[in-house]
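> only geometry, no sequence info:
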C-alpha cells in the first residue's frame, strides 16, 4: 500500500523561489519511489512569482496532486486522509503552514516541520508588521507546536539549531540537505544565443532581505574602476521597484540588467554567460541558487551568513564576505574579475565544488534521506 504524503506550504505550487522549486521537483522523485503525494498550498502568488494556473485541484503529468487550501475544512480533510504530513515553515507564519501545524498537534498526527527560514528572517517577514505582543504570541504558538511529541523537526542546515535555541525549543534536529536540479546541456539554444555575457549574476528575490541593495552599491563602486562592468539580476520580489529606483539613481540602468522572473529550467543558460555568481543575502538557511551556480562550476562570492558557510565548505568552494558591507563585496568582486591568478584560483574552487555538489546535493539523495525519515515517523505512528 502506498504511503499517502501530504506536503504543505504557503507558496505557488510548482514554480517560484527555492522552497517551491525544491518541493515540486522533489515530489516527482518521491512519487517514483512509491509515495502517493499531494501538495497543498495556501496561495498561488508570492513576492517573486504569480502562478497562471489557478485551478483549485489538479494532477500534474507525473502524478503530483495539487490542492488549494481555501477553507479550514479542506485543510483538515487533507490532513486526516494523509499518513504523513510534511509542513514547510517560514517565519512569515502564514496561515496554511501554521494552521496545519496546530491541527496536526491537536489530532496527534505524525508530521515533520521543515524550518525553511531562520529567526534572523523575522525582521523581514510578515511578523515585522505586527506589534511586539502579537509577534511574541505568534512565536509562542510556533514554540508550542515544535515541542509537541508528534512533531519531527527537519531543516536543510545545522544552522537552524540556533533558531531552535532562540525559540527555547529543545528538540532533535534532522538535517536533510536540499537537492538541486542542474541543467548542463543546451536545452534552450535560442535563449542561449540571446543572452549577453556579464561579469556578475545574481539569482533570487529582488529584496533588501537578500542584500540586493548592497550589491547595487558595490556595482556603483566597481563601475568607477571597471567602466565596462556588467551585471545581471534574475528574479522578481517585494522590493523590485525600490531596487530599480536605486539603480536609476546611481545611473546604472545600462550596467545592471534586470530580467524579472526566469523559469528555473532556464537559469543555467544565464549562469553559463557570467564570470561570477554573487549572493549578497542578509539571511540564508541554505542557498539553492548558490548550490546551482557551484554545481555548474561558476566561481562564487557569497555573504558569510546562516547556513551558507556550511554549504560552501567554510570558504573551500567559494569566497565569503561580510553581510551588509558593499565595500567588502566590491573589493572581492574586483579582485576576482581583474586578477587572472585570483580568478583561476576561484575557478578551481568552483570546479572542485562542481564535482562534489553534483554527486552529493542531488534530489535523489534528498528523496532517499526523506524516505528513511518518513518511514521512521510512520513507524512511530
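Good, I have the coordinates. Since we're looking at a predicted model, the values are computed, not measured.
> Can you show me the strands along the protein?
In the chain, the segments counted as strands under DSSP state E are 4-9, 36-41, 57-59, 65-68, 84-89, 111-115, 151-155, 173-175, 198-203, 231-234, 256-260, 274-279, 300-303, 319-321.
> show me where pLDDT drops low in this protein?
Low-confidence segments of the chain, defined by pLDDT under 70, span residues 183-189, 380-381.
> okay, now the domains of it?
4-179+362-380, 189-360 (automatic domain parsing).
> can I get the ones you listed in CSV with mean neighbour count?
Bear in mind the C-beta positions are built from the backbone N, C-alpha and C, glycine included. CSV is the format used below for those (neighbours: other Cβ atoms under 10 Å):
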stretch, mean neighbour count
domain 4-179+362-380, 18
domain 189-360, 19
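> Touching, residue 285 and residue 158? I think so.
No - contact criterion Cβ atoms under 8 Å: residue 285 and residue 158 do not qualify, at 10.2 Å.
> what touches both of those two?
Residues within reach of residue 285 and of residue 158 at once, by Cβ atoms under 8 Å, 6 or more residues apart in numbering, are residue 307.
> roughly how far out does stretch 254-267 sit from the chain middle?
Distance of stretch 254-267 from its chain centroid, counting by Cα atoms, centre = their mean, to the nearest Å, is 17 Å.
> what does stretch 316-327 give?
The answer for stretch 316-327 is 19 Å, by Cα atoms, centre = their mean.
> cool, stretch 72-80 as well?
27 Å.
> Over to stretch 66-74?
With Cα atoms, centre = their mean, you get 24 Å for stretch 66-74.
> Contacts made by that stretch with the rest, please.
Under Cβ under 8 Å, 6+ apart, the answer for stretch 66-74 is 8, 13-14, 38-42, 44, 54-60, 75, 78, 96, 99.
> Grab the longest helix from this protein for me.
Identified as the longest helix of the chain according to DSSP state H is helix 340-360.
> Does anything pack onto it? Which helices or strands?
helix 288-295, strand 300-303, helix 326-338 (3 or more Cβ pairs under 8 Å, 6 or more residues apart in numbering; DSSP states H and E).
> In TSV, list these along with distance to residue 369.
Shown next, in TSV, are these (distance: least, Cβ to Cβ, whole Å):
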stretch	distance to residue 369
helix 288-295	16
strand 300-303	24
helix 326-338	34
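> who wins for proximity to residue 230 among these?
Judged by Cβ to Cβ, the one of the helices and strands packed on helix 340-360 that comes nearest to residue 230 is helix 326-338, at 10.4 Å.
> just checking, what packs against the closest one?
Going by 3+ Cβ pairs under 8 Å, 6+ apart, helix 326-338 lies up against strand 198-203, helix 212-225, strand 274-279, strand 300-303, strand 319-321, helix 340-360.
> Any chance of a markdown table for the ones you listed, columns distance to residue 144?
Shown next, in a markdown table, are the helices and strands packed on helix 326-338 (distance: least, Cβ to Cβ, whole Å):
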| stretch | distance to residue 144 |
| --- | --- |
| strand 198-203 | 36 |
| helix 212-225 | 35 |
| strand 274-279 | 34 |
| strand 300-303 | 33 |
| strand 319-321 | 36 |
| helix 340-360 | 35 |
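> Which of the ones you listed sits closest to residue 261?
strand 198-203 (10.4 Å).
> strand partners of that closest one, parallel vs antiparallel please.
Strand 198-203 pairs in its sheet with strand 231-234 (parallel), strand 274-279 (parallel), by DSSP bridges.
> What lies in contact with that strand?
Contacts for strand 198-203 (Cβ under 8 Å, 6+ apart): 212, 215, 219, 226, 229-235, 257, 262, 267, 270-271, 273-280, 289, 292-293, 298, 333, 337.
> what angle do it and strand 256-260 make?
Orientation of strand 198-203 against strand 256-260 (axes from the mean of the first three to the mean of the last three Cα atoms, to 10 degrees) gives an angle of 30 degrees.
> and the angle for strand 198-203 with helix 212-225?
180 degrees.
> From here on, call the first residue 819.
Right, with 819 as the first residue, what we last looked at is strand 1016-1021.
> Now do strand 1016-1021 against helix 1144-1156, angle only.
Using the same axes, to 10 degrees: strand 1016-1021 against helix 1144-1156 is 130 degrees.
> From the chain's centroid, how far away is strand 1016-1021?
Relative to the centre of its chain, strand 1016-1021 is centred 18 Å away, using Cα atoms, centre = their mean.
> Over to stretch 1185-1199?
23 Å.
> ditto for stretch 825-840
9 Å.
> Report the separation between the two terminal residues of that stretch.
Using Cα to Cα, to the nearest Å, one end of stretch 825-840 lies 12 Å from the other.
> Return the distance of residue 1034 relative to residue 1118.
Applying Cβ to Cβ, to the nearest Å, the value for residue 1034 to residue 1118 is 19 Å.
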